[in-house]
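Participant: output the structure for:
(chains A and B)
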Amino acid sequence: MTAPSTPSVQAELAVLFAKDLHIDVPTPETDLWATGRLDSVAVVELLLQLEKRFGLRVDMEDLDFDHLRSLAAIAALVAARRNGGR
Amino acid sequence: MTSLLQHWVTEQAGRRPAAGAVVFKGERLTYEALEVASNRLAHLLKDAGCARGDRVCLLTPKSPAAIVGLLGVLKADAVYVPLDPGSPVPRLEKMIASCDNRWILTSGAVGPTLEALFASPGFADTHSIGWLGSDGPPGGITAQFSLADLPAYPTTPPPSTNGLQDPAHILFTSGSTGTPKGVVITHASVRRFIEWAVSYFGTAPTDRISGHPPLHFDLSTFDLFGTFAAGAELHLVPPELNLLPHKLADLIRSAELTQWFSVPSVLNYMAKFDVVEDGDFPSLRRVLWCGEVFPTPALIYWMQRLPHASFTNLYGPTEATIASSYYTVPSCPVSEDEVIPIGQACGGEELLVLDEALGPVPPGEMGELYIRGAGLSPGYWRDPAKTRGAFLPYPGGTDPADRIYRTGDLATLGPDGLVRFLGRADSQIKTRGYRVELGEIEAALHALGTLRECAVVGVPSQDFDGVAICCAFAPLAGTDVTPAGLREALTRALPSYMLPSRWLEFAELPKTTNGKIDRRRLKELFAPETVEAQ
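Facilitator: I've put the predicted structure just below:
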């Protein structure tokens, strides 16, 4: 099975943010923290939805702040995990 | 002699100049450095025309420079007004306009906010920027001075004529009609609490104290001046760590903090993700919380893991300065249903549980909670009507200065002499420790012009964040409205902690038999939608 490319993951994440988290993200590079889009409640919901929608279990303790900075960063994390990386 | 808040720093700088005062992300300011920089800033502000009693807005994330800023304002006999740099521009504009100030001390990623504020010629003509960053201000922003100008000014404090009854700061809280209200806090009120707290908790120069809340949150006043009064060291917690509970735990370990003070949602978040080990944080002696109810299961989690620490619930609205009552939990609760009291009055305070006629209710019965004592604010900034509504003469008293503050909280006074919080008498809620008037959110939603009807209710959450803000809405015919679109539009009017997290769309909102929006029904509809982390 080929891993989906990062852009398609980004598109799926944008849907996840809009539909599940009710957060509009203008571009994949938008700084989610600096623009006040991400808080701890959204992070918890994000981890839950990554598992539901992507079947991807991401443990909180493996997360670093940079993983959450933008949709592009989250997409890179998702792609890496799908390829078996950490 | 120590009398005003800034004098604690002066006293420590004289006694232990090389001791650490503030630590943040690898930066460390000694008491001497803090004293000298804030003295210089005070001279600069006075030279720039800042007069006694002038308001100076602080629009900056917390940092050592921000603390130099607020001390400099106090030393110029002026009043600092800490504002949330994450707040949307229209809301900031309202708060700044009501301050009637000239100076805005600022730093950090505030470029777009400043540009938007100064785009209005009226604003630009009447306001000036002092840049608190070590680098220059962002492009397009003109600052009248920056920290680089400080070395030209004297290192000793300027002469001061302020007294204890003068205001030290103004803190804005959510207002039910859509306009935030400014609470005026005097030097005397802060001193009263700090002196009690340093004595009760035994704060010492060896303490390393967390600085978790942002500066516009009144709890930060305790962190700052509680640290300086004792000559301890304040460790500012980088706000981005709030996303990652294990990083917060790492900070407590690596900084060897001895006191942690935050809103309960942070402690709850750390418990939920189980980031605290048995016997963790061996340096930590005190865990304190304030701002909302700390769920007992999470308290049990913490107390079981940290048998070496004490756990204290502090309670009090901004209007009564930091906290008015305390309860140190004597032993780990046995049952998860146990209600943790808000306890008994701090020194110089009195808690009164009164009925509608302002008479005391019998022990064990519910009444409304009032606070009397030295912590009471003189009132809301330039709003005598709101002040009269919330600050009442003490029933049966003869001295007009003897007042009580109506908290809007419902409580009981038990036969054990302890007060227990039961809920709110109005539609104010607490979320992550912030006071939120649901009416302010509804006013912002109505102002969008895309909704026929809307209602915002608070629903207790199973999760760590306390109360979830839930919005029911009915779009105007012909408008294309989505929750994400509404939320995005609201970010331009409200700070992020006031944004609803749950949404339901209706053709028409449910009504009671007399035609009002049925909020009880709405709460039931929102209740099952709890978010689970695991």
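Participant: what does chain B have sitting close to chain A?
Facilitator: Applying Cβ under 8 Å from any Cβ of the partner chain, one finds that chain B approaches chain A through B:86, B:109, B:240-247, B:265, B:269, B:272-273, B:275, B:463-465, B:482-485, B:487-488, B:491, B:495-497, B:500-501, B:503, B:531-533. Yep, even glycine has a C-beta here, placed from its N, CA and C like the rest.
Participant: so for residue 61, what's the pLDDT?
Facilitator: With no chain named, the answer covers chain A. At A:Glu61, the pLDDT value in this model is 91.
Participant: looking at chain B here, not the other one
Facilitator: Here the pLDDT value assigned to B:Pro61 is 93.
Participant: need the contact list for it.
Facilitator: B:85, B:107-109, B:214, B:239 (Cβ atoms under 8 Å, 6 or more residues apart in numbering or on different chains).
Participant: and it, which of the three is it?
Facilitator: Three-state call for B:Pro61 (DSSP: H, G, I helix; E, B strand; the rest coil): coil.
Participant: how about B:Glu277?
Facilitator: Assignment for B:Glu277 (three-state DSSP): coil.
Participant: correct me, but it touches B:Arg305?
Facilitator: Yes. B:Glu277 is within contact range of B:Arg305, at 6.7 Å (criterion: Cβ atoms under 8 Å).
Participant: more neighbours: those two, which one.
Facilitator: Using other Cβ atoms under 10 Å in any protein chain shown, the more surrounded residue of B:Glu277 and B:Arg305 is B:Arg305, with 17 against 11.
Participant: apart from its neighbours in sequence, what residue is nearest that one?
Facilitator: Setting aside the residues directly before and after it, B:Arg305 is nearest to B:Val276 in space (Cβ to Cβ, 6 or more residues apart in numbering or on different chains), at 4.8 Å.
Participant: secondary structure element holding the residue most central in space within chain A?
Facilitator: Centroid-nearest residue in chain A: A:Ile74, 3.7 Å away (criterion: Cα atoms, centre = their mean). Element membership for A:Ile74, per DSSP states H and E: helix A:71-82.
Participant: for chain A, give me the ranges with low pLDDT.
Facilitator: Applying pLDDT under 70 to chain A picks out residues A:1-6, A:84-86.
Participant: what does it have sitting close to chain B?
Facilitator: By Cβ under 8 Å from any Cβ, the residues of chain A that approach chain B are A:17-19, A:22-24, A:33-34, A:36-41, A:43-45, A:47-48, A:60-61, A:63-65, A:68.
Participant: and the buried ones among those residues, selectable in ChimeraX?
Facilitator: Buried residues among the residues of chain A next to chain B (16 or more other Cβ atoms under 10 Å in any protein chain shown), as a ChimeraX selection:
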select /A:17,18,22,23,24,33,36,37,38,39,40,41,43,44,45,47,60,63,68
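Participant: so which of the residues of chain A next to chain B sit within helices?
Facilitator: A:17-19, A:40-41, A:43-45, A:47-48 (DSSP state H).
Participant: can you show me the strands along the stretch 401-534 of chain B?
Facilitator: Per DSSP state E, counting those that start in this stretch, the stretch 401-534 of chain B carries strands over the ranges B:403-413, B:419-424, B:428-431, B:434-437, B:451-460, B:467-475, B:502-505.
Participant: coming back round to it: what about the residue nearest to the centre of chain A, distance to B:Pro475?
Facilitator: Distance of A:Ile74 to B:Pro475, given as Cβ to Cβ, to the nearest Å: 30 Å.
Participant: what does B:Pro205 give?
Facilitator: Counting by Cβ to Cβ - B:Pro205 and B:Pro475 are separated by 60 Å.
Participant: same deal with B:Ala124?
Facilitator: To B:Pro475, B:Ala124 is 38 Å away according to Cβ to Cβ.
Participant: ok, B:Lys25 next?
Facilitator: Note on B:Lys25: its distance to B:Pro475, by Cβ to Cβ, is 45 Å.
Participant: same question, B:Tyr380
Facilitator: From B:Tyr380 over to B:Pro475 the distance is 36 Å, taken as Cβ to Cβ.
Participant: re earlier: okay, and which of the residues of chain B next to chain A map to helices?
Facilitator: Among the residues of chain B next to chain A, the residues falling in helices (DSSP H) are B:245-247, B:265, B:269, B:272, B:483-485, B:487-488.
Participant: out of those residues, who has the most neighbours?
Facilitator: Among these, the one with the most neighbours (other Cβ under 10 Å) is B:Ser265, at 29 neighbours.
Participant: just to check, that residue is in contact with B:Ser461?
Facilitator: No. If you go by Cβ under 8 Å, B:Ser265 and B:Ser461 don't touch, sitting 9.9 Å apart.
Participant: quick one: contacts for B:Leu267?
Facilitator: B:287, B:289, B:294, B:298-299, B:302.
Participant: about what we covered before: the residue nearest to the centre of chain A touches A:Leu13, doesn't it?
Facilitator: Yes. Here A:Ile74 reaches A:Leu13: they are 5.8 Å apart, a contact under Cβ under 8 Å.
Participant: next, B:Val329: phi, psi?
Facilitator: Note on B:Val329: its backbone torsions stand at phi -70, psi 120 [degrees, to the nearest 10].
Participant: setting aside sequence neighbours, what's the nearest residue to it?
Facilitator: B:Phe311 (4.6 Å).
Participant: the one you found - how many residues pack around it?
Facilitator: With other Cβ under 10 Å as criterion, B:Phe311 counts 21.
Participant: touching stretch B:248-256 from outside, list them.
Facilitator: Applying Cβ under 8 Å, 6+ apart, the external contacts of stretch B:248-256 come out as B:23, B:208, B:210, B:235, B:237, B:241-242, B:257, B:260, B:266, B:270, B:275-276, B:280-281, B:283-284.
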